[in-house]
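Colleague: generate a structure from the sequence data that follows.
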Amino acid sequence: MDHPQASHPNPLGLTGFVAWGVNDYGQAIGTGWNSDQTFLSAVLWDRLPDGKGWQLISLKPSNTNLPFTQAYSINDDGEIVGVSNSSDSSIWLPRFWKPLNLSRTKYSLAIVLPVPKGVFTNCENIGINELGDMVGDCWNDDYSVDLPARWTTSDLTFSKVVNFPANWGFAWGVNDSRIAAVTYTGGQICTEGIPWATTCGGATQLP
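Modeller: This is a model prediction of the structure:
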(Lines give C-alpha, C1' and ligand atoms only; values in the text may rest on other atoms or scores of the structure.)
Protein backbone atom coordinates (compact mmCIF):
# COMPACT_ATOMS: atom_id res chain seq x y z
CA MET A 1 0.00 0.00 0.00
CA ASP A 2 1.23 3.47 -0.84
CA HIS A 3 1.36 5.84 2.12
CA PRO A 4 2.79 9.18 0.92
CA GLN A 5 0.76 11.12 3.49
CA ALA A 6 1.70 9.03 6.53
CA SER A 7 1.79 11.30 9.56
CA HIS A 8 5.07 10.02 11.02
CA PRO A 9 8.18 8.21 9.78
CA ASN A 10 8.01 4.63 8.61
CA PRO A 11 8.42 2.48 11.78
CA LEU A 12 11.38 0.10 11.93
CA GLY A 13 12.64 1.20 8.51
CA LEU A 14 10.27 -1.14 6.67
CA THR A 15 10.69 -1.05 2.90
CA GLY A 16 8.16 -3.57 1.52
CA PHE A 17 4.53 -4.23 2.37
CA VAL A 18 1.54 -6.46 1.65
CA ALA A 19 -2.01 -5.48 2.67
CA TRP A 20 -4.42 -8.29 3.59
CA GLY A 21 -7.58 -6.70 4.97
CA VAL A 22 -9.60 -3.53 5.49
CA ASN A 23 -12.62 -2.61 7.61
CA ASP A 24 -15.51 -0.21 7.00
CA TYR A 25 -13.63 2.60 8.78
CA GLY A 26 -10.78 2.52 6.27
CA GLN A 27 -8.28 0.83 8.58
CA ALA A 28 -6.11 -1.58 6.60
CA ILE A 29 -3.75 -4.23 7.93
CA GLY A 30 -0.93 -6.34 6.56
CA THR A 31 2.76 -7.07 6.94
CA GLY A 32 5.91 -5.04 6.30
CA TRP A 33 9.54 -6.10 6.02
CA ASN A 34 12.99 -4.56 5.79
CA SER A 35 15.22 -4.40 2.73
CA ASP A 36 16.96 -7.75 3.27
CA GLN A 37 13.74 -9.44 4.49
CA THR A 38 15.29 -10.41 7.83
CA PHE A 39 12.48 -8.73 9.79
CA LEU A 40 8.67 -8.92 9.54
CA SER A 41 6.16 -6.72 11.34
CA ALA A 42 2.38 -6.67 11.35
CA VAL A 43 1.26 -3.17 10.41
CA LEU A 44 -1.88 -1.06 10.50
CA TRP A 45 -2.67 1.82 8.18
CA ASP A 46 -4.99 3.96 10.33
CA ARG A 47 -7.10 6.54 8.50
CA LEU A 48 -6.19 10.13 9.42
CA PRO A 49 -9.02 12.26 10.89
CA ASP A 50 -9.09 14.54 7.84
CA GLY A 51 -9.48 11.53 5.54
CA LYS A 52 -6.42 12.54 3.50
CA GLY A 53 -4.03 9.70 4.19
CA TRP A 54 -3.10 7.02 6.68
CA GLN A 55 -0.89 6.74 9.74
CA LEU A 56 1.39 3.70 9.62
CA ILE A 57 1.47 1.80 12.94
CA SER A 58 3.66 -1.22 13.73
CA LEU A 59 1.86 -3.92 15.74
CA LYS A 60 4.21 -5.21 18.40
CA PRO A 61 4.92 -8.80 19.49
CA SER A 62 4.43 -9.87 23.10
CA ASN A 63 7.48 -12.16 23.27
CA THR A 64 11.02 -11.29 22.22
CA ASN A 65 11.59 -14.96 21.37
CA LEU A 66 8.95 -14.53 18.65
CA PRO A 67 10.00 -11.15 17.19
CA PHE A 68 8.16 -11.35 13.85
CA THR A 69 4.46 -10.54 13.52
CA GLN A 70 1.97 -10.73 10.66
CA ALA A 71 -1.62 -9.38 10.51
CA TYR A 72 -4.33 -10.93 8.33
CA SER A 73 -7.76 -9.48 9.16
CA ILE A 74 -9.46 -6.58 10.97
CA ASN A 75 -13.09 -6.05 11.99
CA ASP A 76 -15.06 -2.81 12.40
CA ASP A 77 -14.14 -2.62 16.10
CA GLY A 78 -10.51 -2.35 15.01
CA GLU A 79 -9.68 -5.80 16.40
CA ILE A 80 -6.86 -7.46 14.46
CA VAL A 81 -5.85 -11.11 14.08
CA GLY A 82 -2.57 -12.62 12.95
CA VAL A 83 0.49 -14.51 14.15
CA SER A 84 3.82 -14.19 15.89
CA ASN A 85 6.80 -16.02 14.35
CA SER A 86 10.27 -17.01 15.40
CA SER A 87 13.08 -15.37 13.43
CA ASP A 88 13.56 -18.55 11.38
CA SER A 89 9.77 -18.86 10.80
CA SER A 90 9.74 -22.35 12.32
CA ILE A 91 7.18 -21.28 14.96
CA TRP A 92 3.75 -19.82 14.17
CA LEU A 93 1.43 -18.94 17.05
CA PRO A 94 -1.99 -17.22 16.96
CA ARG A 95 -2.23 -13.62 18.09
CA PHE A 96 -4.81 -10.86 18.58
CA TRP A 97 -4.40 -7.07 18.87
CA LYS A 98 -7.00 -4.66 20.24
CA PRO A 99 -7.16 -0.85 20.20
CA LEU A 100 -6.36 0.84 23.52
CA ASN A 101 -8.08 4.17 22.82
CA LEU A 102 -11.18 5.38 21.01
CA SER A 103 -9.15 7.03 18.26
CA ARG A 104 -7.42 3.67 17.56
CA THR A 105 -3.98 5.26 17.45
CA LYS A 106 -2.64 2.94 20.16
CA TYR A 107 -2.79 -0.85 20.15
CA SER A 108 -2.02 -3.58 22.65
CA LEU A 109 0.98 -5.83 22.37
CA ALA A 110 0.12 -9.08 20.63
CA ILE A 111 -2.28 -11.00 22.89
CA VAL A 112 -1.44 -14.69 23.18
CA LEU A 113 -4.14 -17.14 22.09
CA PRO A 114 -3.94 -20.81 23.11
CA VAL A 115 -3.15 -23.74 20.85
CA PRO A 116 -5.92 -26.41 20.94
CA LYS A 117 -5.22 -29.48 23.04
CA GLY A 118 -3.78 -32.49 21.26
CA VAL A 119 -0.90 -32.85 18.83
CA PHE A 120 -0.84 -29.22 17.70
CA THR A 121 2.28 -27.09 18.07
CA ASN A 122 1.63 -24.21 15.65
CA CYS A 123 -1.42 -22.15 14.62
CA GLU A 124 -2.29 -19.13 12.51
CA ASN A 125 -5.21 -16.80 13.24
CA ILE A 126 -6.54 -15.58 9.89
CA GLY A 127 -10.14 -14.29 10.03
CA ILE A 128 -12.36 -12.34 12.45
CA ASN A 129 -16.00 -11.24 12.28
CA GLU A 130 -17.86 -8.40 14.03
CA LEU A 131 -18.90 -10.76 16.85
CA GLY A 132 -15.30 -11.58 17.75
CA ASP A 133 -15.21 -15.11 16.32
CA MET A 134 -11.71 -15.87 15.03
CA VAL A 135 -10.68 -18.71 12.70
CA GLY A 136 -7.54 -20.18 11.18
CA ASP A 137 -5.73 -23.50 11.34
CA CYS A 138 -3.34 -25.49 13.54
CA TRP A 139 -0.74 -28.14 12.71
CA ASN A 140 1.88 -30.38 14.29
CA ASP A 141 5.67 -30.34 13.91
CA ASP A 142 5.90 -32.64 10.89
CA TYR A 143 2.80 -31.17 9.13
CA SER A 144 1.08 -34.56 9.14
CA VAL A 145 -1.92 -32.92 10.84
CA ASP A 146 -3.39 -29.56 9.82
CA LEU A 147 -6.98 -28.73 10.81
CA PRO A 148 -9.25 -25.65 10.95
CA ALA A 149 -9.44 -23.99 14.36
CA ARG A 150 -11.30 -21.19 16.10
CA TRP A 151 -10.97 -18.72 18.96
CA THR A 152 -13.14 -15.94 20.41
CA THR A 153 -12.46 -12.46 21.78
CA SER A 154 -15.05 -13.10 24.53
CA ASP A 155 -12.81 -15.78 26.08
CA LEU A 156 -9.13 -15.50 25.20
CA THR A 157 -8.41 -18.83 26.92
CA PHE A 158 -10.66 -20.72 24.48
CA SER A 159 -9.41 -22.63 21.43
CA LYS A 160 -10.93 -25.55 19.56
CA VAL A 161 -10.62 -27.46 16.32
CA VAL A 162 -13.54 -26.71 13.97
CA ASN A 163 -15.76 -29.76 13.55
CA PHE A 164 -15.47 -30.38 9.80
CA PRO A 165 -15.59 -33.76 8.00
CA ALA A 166 -12.13 -33.76 6.42
CA ASN A 167 -8.62 -35.02 7.02
CA TRP A 168 -6.90 -31.68 6.42
CA GLY A 169 -8.05 -28.08 6.14
CA PHE A 170 -7.97 -24.46 7.21
CA ALA A 171 -10.61 -21.80 7.83
CA TRP A 172 -9.88 -18.56 5.99
CA GLY A 173 -12.78 -16.39 7.15
CA VAL A 174 -16.01 -16.23 9.17
CA ASN A 175 -19.06 -14.01 8.65
CA ASP A 176 -21.45 -12.45 11.14
CA SER A 177 -23.81 -15.42 10.83
CA ARG A 178 -20.86 -17.45 12.21
CA ILE A 179 -20.42 -19.41 8.99
CA ALA A 180 -16.75 -20.26 8.45
CA ALA A 181 -15.28 -20.87 5.00
CA VAL A 182 -13.01 -23.93 4.91
CA THR A 183 -10.50 -25.17 2.34
CA TYR A 184 -10.02 -28.89 2.85
CA THR A 185 -9.15 -32.33 1.52
CA GLY A 186 -10.30 -35.78 2.57
CA GLY A 187 -13.65 -36.92 3.88
CA GLN A 188 -16.46 -38.38 1.77
CA ILE A 189 -16.51 -35.69 -0.94
CA CYS A 190 -12.91 -34.57 -1.48
CA THR A 191 -11.33 -38.01 -1.19
CA GLU A 192 -8.65 -37.49 -3.85
CA GLY A 193 -7.35 -34.20 -2.56
CA ILE A 194 -3.69 -33.54 -1.87
CA PRO A 195 -3.11 -30.77 0.70
CA TRP A 196 -2.13 -27.45 -0.91
CA ALA A 197 -2.26 -29.04 -4.38
CA THR A 198 -5.74 -30.50 -4.95
CA THR A 199 -8.28 -29.21 -2.46
CA CYS A 200 -12.00 -28.56 -2.06
CA GLY A 201 -13.98 -25.70 -0.61
CA GLY A 202 -16.79 -25.79 1.92
CA ALA A 203 -18.39 -24.02 4.83
CA THR A 204 -19.55 -24.88 8.32
CA GLN A 205 -21.76 -23.24 10.95
CA LEU A 206 -19.88 -22.54 14.17
CA PRO A 207 -21.83 -23.71 17.24
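Colleague: can you give the strand pairings for the lowest-mean-pLDDT helix or strand in the chain, parallel or anti for each?
Modeller: Of all the helices and strands that make up the chain, the one with the lowest confidence by mean pLDDT, DSSP states H and E is strand 54-59; it has a mean of 90. Sheet pairing here is set by DSSP bridges, and for strand 54-59 it gives strand 40-47 (antiparallel).
Colleague: re the thing from before, and the next helix or strand after the least confident helix or strand of the chain, what's its mean pLDDT?
Modeller: Along the chain past strand 54-59, the next helix or strand (assigned with DSSP states H and E) turns out to be strand 68-74. Averaged across strand 68-74, pLDDT comes to 97.
Colleague: need the contact partners of strand 68-74.
Modeller: Defining contact as Cβ atoms under 8 Å, 6 or more residues apart in numbering, one finds that strand 68-74 is touched by 20-23, 27-31, 39-44, 59-61, 80-87, 89, 95, 97, 110, 124-128, 173. Quick note: C-beta positions are derived from backbone N, CA and C, even for glycine.
Colleague: of these, which belong to strands?
Modeller: Residues of the contacts of strand 68-74 located in strands (DSSP state E): 20-22, 28-31, 40-44, 59, 80-85, 95, 97, 124-128, 173.
Colleague: if any of the residues you listed are buried, put those into a PyMOL selection.
Modeller: Taking 16 or more other Cβ atoms under 10 Å as the burial criterion, the selection of buried members of the ones in strands among the contacts of strand 68-74 in PyMOL is written as:
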select buried, resi 20+21+22+28+29+30+31+40+41+42+43+44+59+80+81+82+83+84+85+95+97+124+125+126+127+128+173
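Colleague: what's opposite residue 99 in the beta bridge?
Modeller: residue 107.
Colleague: residues in contact with the one helix or strand residue 204 maps to?
Modeller: Using DSSP H and E, the element containing residue 204 is strand 200-205. When contacts are defined by Cβ under 8 Å, 6+ apart, strand 200-205 is touched by residues 162-164, 166, 177-185, 189-190, 193.
Colleague: which pair of these spans the longest distance?
Modeller: Using Cβ to Cβ, the contacts of strand 200-205 reach their maximum pairwise distance at 177 and 193, which is 26.5 Å.
Colleague: next up, the contacts around the spatially most central residue of the chain.
Modeller: The geometric centre of the chain, computed from its C-alpha atoms, lies nearest to residue 82 (Cα atoms, centre = their mean), at 2.5 Å. The contact partners of residue 82, taken as Cβ under 8 Å, 6+ apart, are 29, 42, 59, 69-73, 95-97, 110, 124-125.
Colleague: ok, 10 Å please
Modeller: With contacts defined as Cβ atoms under 10 Å, 6 or more residues apart in numbering, residue 82 is in contact with 20-21, 29-31, 42, 59, 69-74, 94-97, 110, 124-126, 128, 136.
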